[in-house]
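K.L.:
predicted model, plus sequence, below.
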Amino acid sequence: MEWKASLLSPQALHSWSLPSANASANTISPCKWYGISCNGLGSVIEISLPSAGLQGKLHNLSFSSFPNLLRLNLSDNTLTGTIPADIGTLSRLVSLNISMNNLSGVLPLSIANLSHLSELDIWSNEITGPIPPSLEVGNLMNLNHLELSDNLLTGSIPSTLGNMTNLMNLQLQRNQISGSIPLEIGNLVNLNGLELASNLLTEVFGVYRHLYFMDVSNNRLFGELSPNWGECKNLTRLQLSGNRITGKIPPEIGS
């Protein structure tokens, strides 16, 4: 209710209301509110409010009040400000989607506490700074989907992302990421898609044998393609346009 009161559009949560003095316990349960799901014990396990017309900030939403929350979806709203550090108290969270908002600032280091997280979607915001140490140290070992595209991220791709062995999709396109694509990404045996288009990348190290799809178009890659790319037997789509690649396409590719 504190968060609702802080929003510029509280009418979007019209079903969230305080009970009257003589209301029964069943009537006051937030489990009946729009976008809220609970377990059998009445504890909130999901907050799902995509495209709900929410305008405001997240700082008055007390994340520590939801110790059993599994899924949080606030995508496609008009949320502003930074991502609060106490989002890291959602220790059981498996899915976090706050994409398509106007969130800014850096990613909080407390994301490292979300050790059960399997899906992290923060794309299409205004997040700045480098990919934080909370991801670099590989604490999110259960993550299989990471999308940070369409932000203002800078710096390099940390090599320790190669520790996230369950990762299946890595999407960092349309940022300002520079440097090389680390060799360690090739350790991700479950990685199907690698999308890094429209950044400032200059080099590709190694061969990513397990990929089905790779998009590194519109970067600053230069030099010749290595014949070792012929070892990528699973690759069905490779996008390299908008770079400074020279020489011939090695015949090993596609053989």
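P.N.:
Happy to help now that I have it.

K.L.:
the closest residue to N187 other than its chain neighbours: neighbour count?
P.N.:
Across the structure, with C-beta to C-beta, 6 or more residues apart in numbering as the measure, the residue nearest N187 apart from its sequence neighbours is G162 (4.3 Å). C-beta here means a position set from N, CA and C on the backbone, and glycine is covered the same way. Taking other C-beta atoms under 10 Å as the criterion, the count of residues near G162 is 19.

K.L.:
am I right that G162 is in a helix?
P.N.:
Yes. Looking at G162 with DSSP: H, G, I helix; E, B strand; the rest coil, it is inside a helix.

K.L.:
what residues are up against it?
P.N.:
With contacts defined as C-beta atoms under 8 Å, 6 or more residues apart in numbering, the neighbours of G162 are P182, L183, E184, I185, G186, N187, L188.

K.L.:
out of the residues you listed, which is nearest to L18?
P.N.:
For the contacts of G162, the minimum distance to L18 (C-beta to C-beta) is 48.3 Å, reached by L188.

K.L.:
can you tell me how far the residue found closest to the closest one once you drop the neighbours it is linked to in the chain sits from I185?
P.N.:
With C-beta to C-beta, 6+ apart as the criterion, L188 has its nearest non-adjacent residue at 5.2 Å, and that residue is L167. The spacing between L167 and I185, counted by C-beta to C-beta, to the nearest Å, is 9 Å.

K.L.:
need the overlap of contacts for these two.
P.N.:
Common neighbours of L167 and I185 (C-beta under 8 Å, 6+ apart) are L161, L191.

K.L.:
just to revisit the earlier point, now, the most widely separated pair of the contacts of G162?
P.N.:
When the contacts of G162 are compared pair by pair using C-beta to C-beta, the two farthest from each other are L183 and L188, 11.4 Å apart.

K.L.:
quick one: which of these two has more around it?
P.N.:
A direct count of neighbours by other C-beta under 10 Å for L183 and L188 places L188 higher, at 21 against 14.

K.L.:
relative to S241, how far out is the more buried one?
P.N.:
When distances are taken as C-beta to C-beta, L188 and S241 turn out to be 24 Å apart.

K.L.:
okay, now the unreliable bits of the stretch 1-150 of the chain?
P.N.:
20-28, 133-138 (pLDDT under 70).

K.L.:
helices along that one, start to end?
P.N.:
Remark: helices assigned in the stretch 1-150 of the chain by DSSP state H, counting those that start in this stretch are 2-6, 133-136.

K.L.:
who's in contact with the first one?
P.N.:
Looking back up the chat, that one is helix 2-6. When contacts are defined by C-beta under 8 Å, 6+ apart, helix 2-6 is touched by residues P10, L13, W16, G56, K57, L58, H59, N60, L61, S62.
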